[in-house]
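S.K.: using only what follows, build the 3D model:
(2 chains)
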Amino acid sequence: MRHLLSVADLGVDGIEEVMRVTDSFVEVSERSIPKVPALRGKTIVSLFYEDSTRTRLSFETAAKRLSADTMNFSVSSSSVKKGESLRDTVLTIEAMGIDAVVVRHASAGVPWQVANWVDAAVINAGDGWHEHPTQALLDCYTIRKEHPARSLAGLHVAIVGDVKHSRVARSDVLAFTLLGARVTLVAPPTLLPPSLEGWPVKVSHDIGGVLPDVDVVYLLRMQKERQTEALLPSLREYTAMYGLTRRRAALLPDDAIVMHPGPMNRGVEIAAEVADLPRSVITRQVANGVAVRMAVLFLMLAANPKEVAVLDG
Amino acid sequence: MADLLIRGGTVVDATGSRVADVLVRGGRIVEVAEGIDVPTGKKARTLDAGGCLVAPGLVDLHAHLRQPGREEAETVETASRAAALGGYTAVVAMPNTDPAIDSAGVVREVLELGRDALCRVAVAGAITVGRNGQRLAPIGEMAALGVRLFTDDGAGVQDGRLMRRALEYASAFPGVRLAQHCEDASLATGGHMHEGEWSSRLGIPGIPAEAEDVMVMRDIALCRLTGAPVHFLHLSTAGSVELVRRAKAAGLAVTAEAAPHHLVLTDAECASYDPVFKVNPPLRSPADVDAVRAGCADGSIDAIATDHAPHELELKEQAFDEAPPGMLGLETALPLALEALGAVGMAPADVLALMSWRPAAIAGLDALGQGGPIAAGAVANLCVVDPDAAWVVDPLRLASLSRNTPYAGRKVIGRSRHTILAGEPVVVDAEAQR
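M.R.: Below you'll find the predicted structure:
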């Protein structure tokens, strides 16, 4: 694995490999000293053009547990507009001698551009509305751990909410369907992409009709701005039509789990008490995120990723 | 200036085609005939045109010369060299400069800059002051300086009432025509590529084809209302081509142009996320490309215009949605048009019609010796086109100051071999002479 730009680049085998290695790192994370020397001497830079404390911390924790050196380069887009081009910024950072760059940007495609400019490994930590591959990987891992089926093959996943503006939804659709799940998108038409040509999904506008048939309900964050853009009459109406209320949660099959990429808007897309139900695995997604990102960094940067012995450091 | 003899080509213009040599003296064509001999003792320079088409120089209705204001990206002089190398003997400079070409003073400045250029530089004036879409610019004063096309290009005039008034007001000035960049801002704002399958997949906010269609529809209605001619810039959608086709069938005074990139590239190119493929109107779907080609073939579209839009390298090294739209066009338009329109059955001479005499008439440049005919007495604005010359587009070898061509590395066929501006060979064997 040279770069991780789209989760689709991994293919089924690549995703399975990440899952296997993640198992080992979950074990590492449970040790009293959760640290291995696997990436000692490697330097990983977080290049975040968009605020994202959660994803940045998750990558940073993963890198540190692998004993890599980490650097942070946080840029607000406004300071970039003062002059330095994206390319110059990236080349400047690379000149410092780095092995990998973790890129988050509000614009779709930036990790692809960066990968064309640098020799270092590039990891997409979220690009605009486009993709968020490590989120999809941790979501796959979480489903396999938390759903009794222990596999995505044949599961039915409903992704509910603002699919149009969601990089999580795009990567999840790719990863879930690669692993054999059926996906239904549940959203008002204004919050779906303009075209779903080529997407292996079904669409519904009736959450109540979908819930009794799903194994996983994946809620997306609903942002307040969507009201001002006339995509929704109001957040209140969104909750009334598409929110996972306590009553709707009761429609779920016994084994079904509830997921959310965070941060949650309790009371909007998910009722507070639903978020706290045992079937809600939202905090476990976060915990798995560190192990999955350790697996990704390890597979991309370790001198010999096949050598599991290195984990026993 | 010594006589110039263009020997051995096939002469094509609006009147047809014939094998003939062309003799030029004192900036004008003096003879068009087979086997012209230069009288002994007379000095004459001979340009070989064997296997070539000798045509009136190409005329570009739509080029962004970036001067005044963005001389790092392009100047009138560098753009004119690119134009001459592309076979053009005239370009119309778009008014979205800084300051905008919205007054007699700026018109004079750009005309002055173009005085010694390698092609004739005509100027399009803004319809509204500062291209803000609020107040009419002094159309009459600019028309008095020879301006024939007016447009707020870069943006459409959003206010229907203002556009109506502009059409009515401008109809007082003979030969003046308003040109619209058709894009309804309320539908297009925030978009960075064609809305559809690709934008949905790539997560790039889209611009629906209907943003163009809606304004074409409105301006056809305003053309009917006012009787004033309207020219549609860079049509890119199947819907707008069909609207123009019907408007012409109804006898309305509309004309339209299409850009070479809308004939050869689709929105799938944006999958590279390389902003060099970002342009406005955006690259559309394959069905739109087919429709624009068909519109050229059946006369719905009158002209190929480059929308040459130079941008400094660093501006195209930003994120796709932060980079400005626009791509170079002057040096590559001819082979791309020949390729795309050849594919729908148009002969090279028919393609040249869309690139020379028909746009010359739209811009009023026919009265200034552009667009032919190639006949004794006419001003010698000519290009000698080798329709079989194969070459590879190399951004570093372009004459433009900018490098934002989407065709880097592409093999193209067809090239202007010689370009003659008012009798002066400004390009010989694809090399600029000054």
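
S.K.: how about the residues of chain B near chain A?
M.R.: Contact residues (CB under 8 Å from any CB of the partner chain) of chain B with chain A: B:195-197, B:199-206, B:208, B:272-274, B:314-315, B:317-322. Just so you know, the C-beta spots here come from the backbone N, C-alpha and C atoms, and that holds for glycine as well.

S.K.: cutoff 7 Å now
M.R.: By the rule CB under 7 Å from any CB of the partner chain, the part of chain B lying against chain A is B:195-197, B:199-204, B:206, B:273, B:314, B:317-322.

S.K.: among those, which are in strands?
M.R.: Those of the residues of chain B next to chain A mapping onto strands are residue B:206, per DSSP state E.

S.K.: need the CA coordinates for the helix or strand residue B:122 falls within. PDB is fine.
M.R.: Residue B:122 is part of strand B:120-125 when elements are defined by DSSP states H and E. Only the C-alpha atoms of strand B:120-125 are listed here, as PDB (Å, rounded to 0.1, in the frame of the first residue of the first chain):
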ATOM      1  CA  ARG B 120      -5.600  42.500 -34.600                       C
ATOM      2  CA  VAL B 121      -6.900  43.100 -31.100                       C
ATOM      3  CA  ALA B 122     -10.600  44.100 -31.000                       C
ATOM      4  CA  VAL B 123     -12.200  44.800 -27.700                       C
ATOM      5  CA  ALA B 124     -15.500  43.700 -26.100                       C
ATOM      6  CA  GLY B 125     -16.900  46.200 -23.600                       C
END
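
S.K.: quick check: next helix or strand after that strand?
M.R.: helix B:139-144.

S.K.: residues of that next one that come out buried?
M.R.: Across helix B:139-144, burial judged by 16 or more other CB atoms under 10 Å in any protein chain shown covers B:139, B:142-143.

S.K.: what is the nearest of these to chain A?
M.R.: Closest approach to chain A among the buried residues of helix B:139-144 (CB to the nearest CB): residue B:142, at 34.2 Å.

S.K.: before we move on, the earlier item: possible to save the buried residues of helix B:139-144 as CSV with pLDDT?
M.R.: Shown next, in CSV, are the buried residues of helix B:139-144 (pLDDT from 0 to 100):
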residue, pLDDT
B:139, 98
B:142, 98
B:143, 98
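
S.K.: helices of chain B, residue ranges please.
M.R.: Ranges of helices in chain B, per DSSP state H, are B:76-85, B:104-113, B:139-144, B:160-170, B:185-188, B:197-202, B:209-226, B:238-249, B:261-264, B:286-297, B:333-342, B:348-355, B:357-362.

S.K.: what packs against the third one?
M.R.: Just to be clear, that refers to helix B:139-144. helix B:104-113 (3 or more CB pairs under 7 Å, 6 or more residues apart in numbering or on different chains; DSSP states H and E).

S.K.: the residue of the stretch 301-434 of chain B found nearest chain A: how many residues sit nearby?
M.R.: Residue of the stretch 301-434 of chain B nearest chain A, by CB to the nearest CB: residue B:319 (3.3 Å). Number of residues near residue B:319 (other CB atoms under 10 Å in any protein chain shown) recorded here: 23.

S.K.: now do residue A:91
M.R.: As a burial measure, residue A:91 scores 14 neighbours (other CB under 10 Å).

S.K.: kindly report the same for residue A:228.
M.R.: Neighbours of residue A:228 (other CB under 10 Å): 8.

S.K.: still on that earlier bit, what's the angle from the strand holding residue B:122 to helix B:104-113?
M.R.: Here the directions of strand B:120-125 and helix B:104-113 differ by 160 degrees (axes from the mean of the first three to the mean of the last three CA atoms, to 10 degrees).

S.K.: list, one by one, the residues from the stretch 1-150 of chain A near chain B.
M.R.: By CB under 7 Å from any CB, the residues of the stretch 1-150 of chain A that approach chain B are A:85-87, A:105, A:107-110, A:112-113, A:128-130.

S.K.: just those residues: which are in strands?
M.R.: Among the residues of the stretch 1-150 of chain A next to chain B, the members falling in strands (DSSP E) are residue A:105.

S.K.: buried ones among the residues of the stretch 1-150 of chain A next to chain B?
M.R.: Buried by 16+ other CB under 10 Å: A:85-87, A:105, A:107-110, A:112-113, A:128-130, out of the residues of the stretch 1-150 of chain A next to chain B.

S.K.: identify, from those residues, the entry nearest to residue A:15.
M.R.: Set against residue A:15, the nearest of those by CB to CB is residue A:130 (18.4 Å).

S.K.: whichever residue of the stretch 101-250 of chain B sits closest to chain A: how many residues sit nearby?
M.R.: Scanning the stretch 101-250 of chain B for the residue nearest chain A gives residue B:203, at 3.1 Å (criterion: CB to the nearest CB). The number of residues packed near residue B:203 is 22, by other CB under 10 Å.

S.K.: looking at it, residue A:221 is touching residue A:265, isn't it?
M.R.: Yes: taking contacts as CB atoms under 7 Å, residue A:221 lies within contact range of residue A:265: 6.4 Å.

S.K.: helices of chain A, start to end?
M.R.: According to DSSP H, the helices that chain A contains are A:11-29, A:53-65, A:77-81, A:86-95, A:110-117, A:133-146, A:167-178, A:207-210, A:225-228, A:235-242, A:246-249, A:272-275, A:282-301.

S.K.: quick check: mean pLDDT across the third one?
M.R.: Computed over helix A:77-81, the mean pLDDT rounds to 52.

S.K.: from residue A:244, how far out is residue A:268?
M.R.: Between residue A:268 and residue A:244 the computed distance is 10 Å (CB to CB, to the nearest Å).

S.K.: and these two? Which one has more around it.
M.R.: Remark: of residue A:268 and residue A:244, residue A:244 carries more neighbours, 26 against 20, as counted by other CB under 10 Å.

S.K.: look up the residues forming beta bridges with the more buried one.
M.R.: Legend: beta-bridge partners of residue A:244 under DSSP bridges are residue A:270.

S.K.: so for residue B:114, what's the nearest residue that isn't a sequence neighbour?
M.R.: Spatial nearest neighbour of residue B:114, excluding adjacent residues (CB to CB, 6 or more residues apart in numbering or on different chains): residue B:121 at 2.7 Å.

S.K.: just checking, the one you found touches residue B:76?
M.R.: Yes: at 5.9 Å, residue B:121 counts as touching residue B:76 under the criterion of CB under 7 Å.

S.K.: now do the shared contacts for the two.
M.R.: Jointly contacting residue B:121 and residue B:76 under the rule CB atoms under 7 Å, 6 or more residues apart in numbering or on different chains are B:110, B:114.

S.K.: contact partners for the nearest residue to residue B:223 once chain neighbours are set aside?
M.R.: Once flanking residues are discounted, residue B:223 sits nearest to residue B:230: 4.6 Å by CB to CB, 6+ apart. Going by CB under 7 Å, 6+ apart, residue B:230 touches B:178, B:180, B:219, B:223, B:254.

S.K.: for chain B, what's the nearest residue on the stretch 201-313 of chain A?
M.R.: Closest residue of the stretch 201-313 of chain A to chain B, CB to the nearest CB: residue A:229 (8.8 Å).

S.K.: where does that residue fall, phi/psi-wise?
M.R.: As for residue A:229, its main-chain torsions (degrees, to the nearest 10) stand at phi -90, psi 10.

S.K.: count of neighbours near the residue in the stretch 251-400 of chain B that chain A sits nearest to?
M.R.: Nearest to chain A in the stretch 251-400 of chain B, going by CB to the nearest CB, is residue B:273, at a distance of 2.9 Å. Neighbour count of residue B:273, defined by other CB under 10 Å: 23.

S.K.: could you find the closest non-adjacent residue to it?
M.R.: Per CB to CB, 6+ apart, closest to residue B:273 is residue A:109, 2.9 Å.

S.K.: ditto for residue B:198
M.R.: Leaving aside its sequence neighbours, residue B:198 sits nearest to residue B:267 (CB to CB, 6+ apart; 4.6 Å).

S.K.: since that was my last question, I'll sign off now.
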